[in-house]
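> Sharing a sequence plus its predicted fold:
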Amino acid sequence: MIRLVGILVGLGFAFVALISFAFGIGPAFSVLSEHGHFVEPTAEHEFHLEAREPEGGFAFEGPVGKWDVAQLQRGFQVYKEVCSACHSLNQVAFRDLTQLGYSEAQVKAEALTWNVPGIDPDTGEDVMRPALPTDYFPKPYANAIAAAAANRNAIPPDLSLMTKARHDGTHYVYSLLTGYRDPATFGLTSGETLREEFPEFETPEGLHFNPYFPNLNLAMAAPLSANAVTYADGTEASVDQMAQDVAAFLTWTAEPTLVKRKQTGWWIMLFTLFVTVLAWFAKKQVWAPVKPHRRKD
Amino acid sequence: MSFPWARQYTPSNGLTRFLDEKLPLPRLVYNAVGAGYPVPRNLSYFWNFGVLAGFCLVLQIVTGVVLAMHYAANGTVAFDSVEHIMRDVNWGWMLRYAHANGASFFFIVIYIHIFRGFFYASYKPPREMIWLIGVVIFLLMMATAFMGYVLPWGQMSFWGAKVITGLFGAIPVVGEGLQVWLLGGYAPDNAALNRFFSLHYLLPFVIAGCVILHIWALHIPGSSNPTGVEVKQESDTLPFHPYYTAKDGFGLGVFLLAYFLFVFFMPNALGHPDNYIPANPLSTPALIVPEWYFYPFYAILRAFTFDFILPAKLWGVLAMFAAILVWFFLPWLDRGPVRSGHYRPLFRKFFWFGLIPCMAALFYLGGAHAEEPYIMLSQIATAYYFLHFLVILPIVSSIERPDPLPYSITEAVLGSDKKAVLGENAEPVAV
């Protein structure tokens, strides 16, 4: 009885799934024969680029990678002098900057150059006061509405976790910052140009074309221009250099424990490997007396 | 329960004698996972995964309890409290990565454990009850994991909660009311987050209770084994300790190496980047997907696109639940006399060339964009899934001629049952 009901139920579900299949196959293959793809090609589909790696990669990548502290400091400078005008860094406190190689006195001095919302101890009124190391980085806008109003309705996202919140985040940030192109001349390495393939493609007024952004047009104008910052260590502030530095800095803000995690991991892996080898020999020894001496007789 | 030749626990000193008299806990452990539990001597490493699953449960409970000390289940601060764990709590990042990847590895272990059961037909008499409790544990795990994924209150948490509870909205008449009741509102918010946290903390202990029942039920017939031939004599078995404690210890080491590789070197590889964006009810992610371990069932859900009598969405929901519920009926759907797939040539072909590719496809398709050709493929895979369990399995088990079985486990291991290594063999049989 169970088997009979089961067979009927199984045939039923399979039948309905195959009906869905039968009704979907026609439209799917008409799209395929028309475009050579199952999905109607769109500019976003065809001309979106995967994030790319800067030449030489990043120091913290790979199983033994370490922070390049000088690079993180430069990246912080880029954030401070460029990004922080619009983007918040909610998860990071000034005290965290000691991890970038700054002394406590330097961090204290740095914090004092930022203003955070506070309360006047005498009157209780809302005031702005210089930050302390325990304060978090202040938001550039009072609230989301103010942020949207100042940026043509596009709210600049918080950057603390940006490199974890995007696929291949570090490379994405680097690629996006260096990826602004002119849509009129943009083409793929295969030779196809956006203009020819999608003549109707337009970057709306107030948006900016960038093939690394999922829908190709984003509200942020190219934020970096050569020598936008003057690096204290004398590094030449090219757009590529600044993009790399700030991408590294944002990788640190997203996961300050990244290097510690990998270093801890090595010890734990080695220890576990050692114990596993011991366990293997223990198992061999325990089983030796009862291991089959396979014979046919 | 247990076999007549099982070793007996003898308390060796005053303390254990005292305990054995007042509360025989050492005796219980001795009989459950100690020398007092005779186990087939021919278990492969596929029989390691029960112990590994138990280890994962303990791991999740221990890391979870500590995480709960620092987590705040409130929509305004939940996301930040998780980041607080990652940044400010000592070793908080390790706990959280261990817990998140622990869930994934728990599911890897459980899927292997379940598919071991499929191949060796471990669900067959006399082990139906073990199997039924196992399916209940799997359902509880899915609920627990789903609610756990909501807690960080990222974009995928929020939209996942919305989509999954929205499934109940597909039920006619009561659906919408049920969805609102489940969420405590019209969309996921504080009420939902709080109850999910409460249940996420509760259910693991319900699972632990079910695991005790699972093991209890296991100890009545004893473990199955790769030949599917029942234990006949002492030479077929070995005491669990030290033989299988040693073997499982090595297996645990290998498991931990794979697990730590993820925790320490690619902790976010199994997650979704969108969950590092705080939940935003006004912004829908481009692709809403559950965690990878739900992909097969998500693919089945999305495979139904045509309103055949019932709305397509309702078909999808029914099929998704049926896809798991069908496992409950396996002991009665598969009626062949032989258990192990090693001796069932036709069954084995459908397992390796039907079920495994079908599941692999569903795993892939559940995470893919809802577009062609993925939808068509998931429709074929879904159809096969139901045909496999409900049509092919009953028919194959009726018509196939199994290969000859070994007389006993001893014979399977030693090539002959005549000269048993452990103890004397009372009934020599010529084969």
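In hand now; what should we look at?

> I'd assumed B:Phe386 was in contact with A:Phe13.
Yes. Proximity of A:Phe13 to B:Phe386 meets the contact threshold set by CB atoms under 8 Å, at 4.1 Å. Where C-beta positions appear, they are placed from N, C-alpha and C, glycine not excepted.

> what is in contact with these two at once?
B:Ala319, B:Ala322 (CB atoms under 8 Å, 6 or more residues apart in numbering or on different chains).

> Chain A contacts on the stretch 301-431 of chain B?
Within the stretch 301-431 of chain B, the positions lying close to chain A (CB under 8 Å from any CB of the partner chain) are B:303-306, B:308, B:312, B:315, B:318-319, B:322, B:326, B:329, B:332-333, B:335, B:371-373, B:375-376, B:379-380, B:382-384, B:386-387, B:389-391, B:394-395, B:413-416, B:418-419, B:421-422.

> Give me the buried entries from those residues.
When those are checked for burial by 16 or more other CB atoms under 10 Å in any protein chain shown, the buried set is B:303-306, B:312, B:315, B:318-319, B:322, B:326, B:329, B:332-333, B:372-373, B:375-376, B:379-380, B:382-384, B:386-387, B:389-391, B:394, B:413-416, B:422.

> Let me know the pLDDT of B:Val429.
pLDDT, B:Val429: 43.

> do A:Val9 as well
We have a pLDDT of 92 for A:Val9.

> From the buried ones among the residues of the stretch 301-431 of chain B next to chain A, which land in helices?
B:303, B:312, B:315, B:318-319, B:322, B:326, B:332-333, B:375-376, B:379-380, B:382-384, B:386-387, B:394, B:413-414 (DSSP state H).

> So which elements touch the strand or helix carrying A:Ile268?
Assigned by DSSP states H and E, A:Ile268 belongs to helix A:258-287. If you count contacts as 3 or more CB pairs under 8 Å, 6 or more residues apart in numbering or on different chains; DSSP states H and E, helix A:258-287 packs onto helix B:92-119, helix B:245-265.

> Tabulate those helices in JSON lines, adding columns for mean pLDDT.
Formatted as JSON lines, the helices and strands packed on helix A:258-287 follow (pLDDT from 0 to 100):
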{"stretch": "helix B:92-119", "mean pLDDT": "97"}
{"stretch": "helix B:245-265", "mean pLDDT": "97"}
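
> Tell me which of those sits nearest to B:Trp352.
Nearest to B:Trp352, of all these, is helix B:92-119, at 8.8 Å by CB to CB.

> Can you tell me the closest non-neighbouring residue to B:Phe46?
Closest residue in space to B:Phe46, ignoring its immediate chain neighbours: B:Arg116 at 4.4 Å, by CB to CB, 6 or more residues apart in numbering or on different chains.

> got it, and B:Gly184?
Per CB to CB, 6+ apart, closest to B:Gly184 is B:Ala191, 3.0 Å.

> separation between the one you found and chain A?
23 Å (CB to the nearest CB, to the nearest Å).

> Mind checking the pLDDT average for the helix or strand containing that residue?
Assigned by DSSP H and E, B:Ala191 belongs to helix B:190-219. Per-residue pLDDT over helix B:190-219 has a mean of 96.

> In contact with the residue nearest to B:Gly184: list those residues for me.
B:Leu183, B:Gly184, B:Gly185 are the contacts of B:Ala191 under CB under 8 Å, 6+ apart.

> May I see the buried residues of stretch B:275-285?
In stretch B:275-285, counting by 16+ other CB under 10 Å, buried: B:Asn275, B:Tyr276, B:Ile277, B:Pro278, B:Ala279, B:Pro285.

> related to what we said a few turns ago, how many other residues sit next to the residue nearest to B:Phe46?
19 (other CB atoms under 10 Å in any protein chain shown).

> So it is in contact with B:Ser122, correct?
Yes. With contacts counted by CB under 8 Å, B:Arg116 reaches B:Ser122, the gap being 6.9 Å.

> hmm, back to that, can you give me the buried ones in the helix holding B:Ala191?
For helix B:190-219, burial by neighbour count (16+ other CB under 10 Å) applies to B:192-193, B:196-197, B:199-201, B:203-204, B:207, B:210-211, B:213-214, B:217-219.

> For the chain, give me the ranges with low pLDDT.
No chain specified, so I'll use chain A. A:292-297 (pLDDT under 70).

> um, chain B though
Scanning chain B for pLDDT under 70 picks out B:1, B:418-431.

> Residue of the stretch 1-150 of chain A nearest chain B, please.
As assessed by CB to the nearest CB, chain B sits closest to A:Gly10 within the stretch 1-150 of chain A, at 2.5 Å.

> who in the stretch 151-297 of chain A is up against chain B?
So the stretch 151-297 of chain A meets chain B at A:157-158, A:160-161, A:164-167, A:169, A:214, A:254-257, A:261-262, A:264-266, A:268-269, A:272-273, A:275-276, A:279-280, A:282-283, A:286-287, A:290, A:292-297 (CB under 8 Å from any CB).

> Stretch A:189-209: which residues count as buried?
Neighbour counts using 16+ other CB under 10 Å place A:Leu194, A:Phe198, A:Phe201, A:Leu207, A:His208, A:Phe209 of stretch A:189-209 among the buried residues.
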